[in-house]
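Participant: quick one, fold the following:
(2 chains)
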Amino acid sequence: KAGVTQTPRYLIKTRGQQVTLSCSPISGHRSVSWYQQTPGQGLQFLFEYFSETQRNKGNFPGRFSGRQFSNSRSEMNVSTLELGDSALYLCASSLVGPGSPLHFGNGTRLTVT
Amino acid sequence: GENVEQHPSTLSVQEGDSAVIKCTYSDSASNYFPWYKQELGKRPQLIIDIRSNVGEKKDQRIAVTLNKTAKHFSLHITETQPEDSAVYFCAASKDDNNDMRFGAGTRLTVKP
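Facilitator: Residues are numbered from 1 along each chain as shown, chains lettered A, B, ... in the order given. Have a look, this model is predicted:
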């Protein structure tokens, strides 16, 4: 079974631009979560989608948004990029139910200059 | 929302020694507690998990304990090996949704 696929692997953008990251979950997984990982900050929760609906949201500004499609694929968008948005963005998919672990993709490394 | 705290942030042990990482959580409704290992440049991967109806779970050299009353859980690695060197994350979530929150991570170094 194919794992979680994130594209692109690397992105370089300049301040003020916007960016879209893509995530394809494991087949059969309907929940997709997004995390921002920076050195020393661990895994910061952005949001979680299930059945095309955002169910949970972390403490990030409105510049960070996402969506999920009917095939469970998800995209994350960051508008008006700031230098501090430079990070590894990880997507994770899971089944829905008691004790469902997250399965992470390899991430998209975003650098804002 | 849930807040997970993890200690220590760094841990260095000699090969063969044991390592213990501790986490506390704030939401008493949390009932699922996984642990992830992230090697340098790789994705986090699940190594063990425990649900709130169990106090301890073991898988070879790795064990996790949970104290629901005190709202803390711990990862124990025995007979550590150099390949155990990585960053370890604890996490907590509730059954009714997938809002999983992570601790800040522990960088474990096992010296040969």
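
Participant: got a list of what the residue in chain A sticking out farthest from the centre touches?
Facilitator: When distances are taken from the C-alpha mean of chain A, residue A:98 lies farthest, 22.3 Å away, according to Cα atoms, centre = their mean. By Cβ atoms under 8 Å, 6 or more residues apart in numbering or on different chains, the contact list for residue A:98 reads B:31-32, B:51, B:95. Using the backbone N, CA and C atoms, a C-beta is placed for each residue, glycine as well.

Participant: list only buried entries from the residues you listed.
Facilitator: Buried subset of the contacts of residue A:98 (neighbour count, 16 or more other Cβ atoms under 10 Å in any protein chain shown): B:31-32, B:95.

Participant: what sits closest to residue B:111 if chain neighbours are left out?
Facilitator: Of all residues not flanking residue B:111 in the chain, residue B:14 sits nearest, at 5.5 Å (Cβ to Cβ, 6 or more residues apart in numbering or on different chains).

Participant: so that neighbour touches residue B:84, yeah?
Facilitator: No - between residue B:14 and residue B:84 there is no contact under Cβ atoms under 8 Å: 11.8 Å.

Participant: what residues does chain A put near chain B?
Facilitator: For chain A, the residues in contact with chain B (Cβ under 8 Å from any Cβ of the partner chain) are A:31, A:33, A:35, A:40-43, A:45, A:48, A:50, A:55-56, A:58, A:90, A:94, A:96-107.

Participant: near chain A, which residues of chain B?
Facilitator: B:1, B:6, B:31-32, B:34, B:36, B:42-46, B:49, B:51, B:89, B:91, B:95, B:97-105.

Participant: ok, of the residues you listed, which come out buried?
Facilitator: If you count burial by 16+ other Cβ under 10 Å, the buried members of those come out as B:6, B:31-32, B:34, B:36, B:43-44, B:49, B:89, B:91, B:95, B:98-105.

Participant: among the residues you listed, which are in helices?
Facilitator: Among these, no member falls in helices (criterion: DSSP state H).

Participant: least confident pick among the buried ones among the contacts of residue A:98?
Facilitator: Within the buried ones among the contacts of residue A:98, the minimum per-residue pLDDT falls on residue B:95 (72).

Participant: and the spatially closest residue to it that is not a sequence neighbour, how far from residue B:54?
Facilitator: Here the nearest residue to residue B:95 in space, its sequence neighbours aside, is residue A:98; by Cβ to Cβ, 6+ apart that works out to 4.5 Å. Separation of residue A:98 from residue B:54 (Cβ to Cβ, to the nearest Å) stands at 12 Å.

Participant: and residue A:23, how many neighbours?
Facilitator: The tally of other residues near residue A:23 (other Cβ atoms under 10 Å in any protein chain shown) stands at 27.

Participant: which residue is the nearest non-sequential neighbour of it?
Facilitator: The shortest distance from residue A:23 to any non-neighbouring residue, by Cβ to Cβ, 6+ apart, is to residue A:91 (3.4 Å).

Participant: mind listing the residues bridging to that neighbour?
Facilitator: According to DSSP bridges, residue A:34 are recorded as the beta-bridge partners of residue A:91.

Participant: just residue B:63 next, same as before
Facilitator: Applying DSSP bridges to residue B:63 yields these beta-bridge partners: residue B:58, residue B:76.
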